[in-house]
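Colleague: coordinates only, no sequence provided:
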């Protein structure tokens with residue numbers, strides 16, 4: 001009788017264990033999880049592209065816990081082009097050489113001050129937008145993209161020079177509308193300026209949406225703006 005009771009209890013415990021496992025499955029080891037394969041970007045020596053390249057490469061390859069350094073070096077060599085490729089071409093594949101290749105690349109291309117100067121040059125070289133909302137929106141997106149990179153380099157948002165560089169990229173009417181959003185005692189920074197430009201251009205776009213003729217004109221202007229490379233005006 002006691003044996004029968006024990007068998008029943010064992011069966012009940014086993015059934016309960018199955019239910020618990022179904023409700024709370026054991027975690028799968030990370031190295032067994034199948035993740036989508038990302039195509040590694042190439043890097044040919046453009047210093048402005050190195051931060052993004054290294055961030056992706058580090059996430060996919062450099063920080064991989066189950067990959068040998070020799071294999072990482074193979075992936076690194078395949079991802080490099082141009083001057084960057086030539087720099088590590090003579091480094092033979094081996095576990096001891098991967099860290100050396102990474103050190104060479106970072107010393108050459110991970111240079112925040114030089115990158116900051118290059119980004120400021122890109123900002124200054126943007127062609128000023130005309131009065132069409134589509135063109136202004138495109139210019140604003142380009143400015144924001146550059147500012148995101150500058151922010152990651154600890155560029156101060158209150159930088160007067162940065163704001164002075166951004167304002168002339170937009171028409172006088174847009175700058176006047178932006179000025180109307182600012183109160184007398186407000187101390188704006190770059191984030192505030194970009195937010196105000198966003199709001200003003202939003203209003204221009206809403207006004208344009210009610211006028212099909214203006215929409216077509218804006219589209220044509222945007223098309224011309226993307227096809228042509230207008231030399232930037234010299235800023236005083």
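Modeller: Yep, that arrived. Everything numeric here is computed off the predicted structure, so don't read it as measured data.
Colleague: tell me the first helix or strand C-terminal of the helix or strand harbouring residue 72.
Modeller: Assigned by DSSP states H and E, residue 72 belongs to helix 69-79. Following helix 69-79 in sequence order, the next helix or strand is helix 82-88 (DSSP H and E).
Colleague: and whichever helix or strand comes after that following helix, what does it pack against?
Modeller: The helix or strand immediately downstream of helix 82-88 is helix 98-109, counting by DSSP H and E. Helix 98-109 sits against helix 50-57, helix 69-79, helix 82-88, with contacts defined as 3 or more CB pairs under 8 Å, 6 or more residues apart in numbering; DSSP states H and E. All C-beta spots, glycine's among them, are computed from the backbone N, C-alpha and C.
Colleague: just list what the second one packs against, helices and strands only.
Modeller: Spelled out, that is helix 69-79. By 3+ CB pairs under 8 Å, 6+ apart, helix 69-79 packs against helix 50-57, helix 82-88, helix 98-109.
Colleague: which residues touch the most centrally placed residue in the chain?
Modeller: By CA atoms, centre = their mean, the chain has its centre lying nearest to residue 52, at 6.8 Å. When contacts are counted by CB atoms under 8 Å, 6 or more residues apart in numbering, residue 52 is found next to residue 41.
Colleague: possible to save the helices and strands packed on helix 98-109 as JSON lines with mean pLDDT?
Modeller: Listed next are these as JSON lines, based on pLDDT from 0 to 100:
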{"stretch": "helix 50-57", "mean pLDDT": "93"}
{"stretch": "helix 69-79", "mean pLDDT": "94"}
{"stretch": "helix 82-88", "mean pLDDT": "94"}
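Colleague: so which of the ones you listed gets nearest residue 102?
Modeller: helix 69-79 (7.4 Å; CB to CB).
Colleague: identify each buried residue in the closest one, please.
Modeller: Neighbour-count burial for helix 69-79 flags 69, 72-73, 75-76, 79 (criterion: 16 or more other CB atoms under 10 Å).
Colleague: now do stretch 170-184
Modeller: So stretch 170-184, judged by 16+ other CB under 10 Å, has buried residues 170-171, 174, 177-178.
Colleague: related to what we said a few turns ago, would you mind measuring from the residue nearest to the centre of the chain to residue 148?
Modeller: For residue 52, the distance to residue 148 (CB to CB, to the nearest Å) stands at 11 Å.
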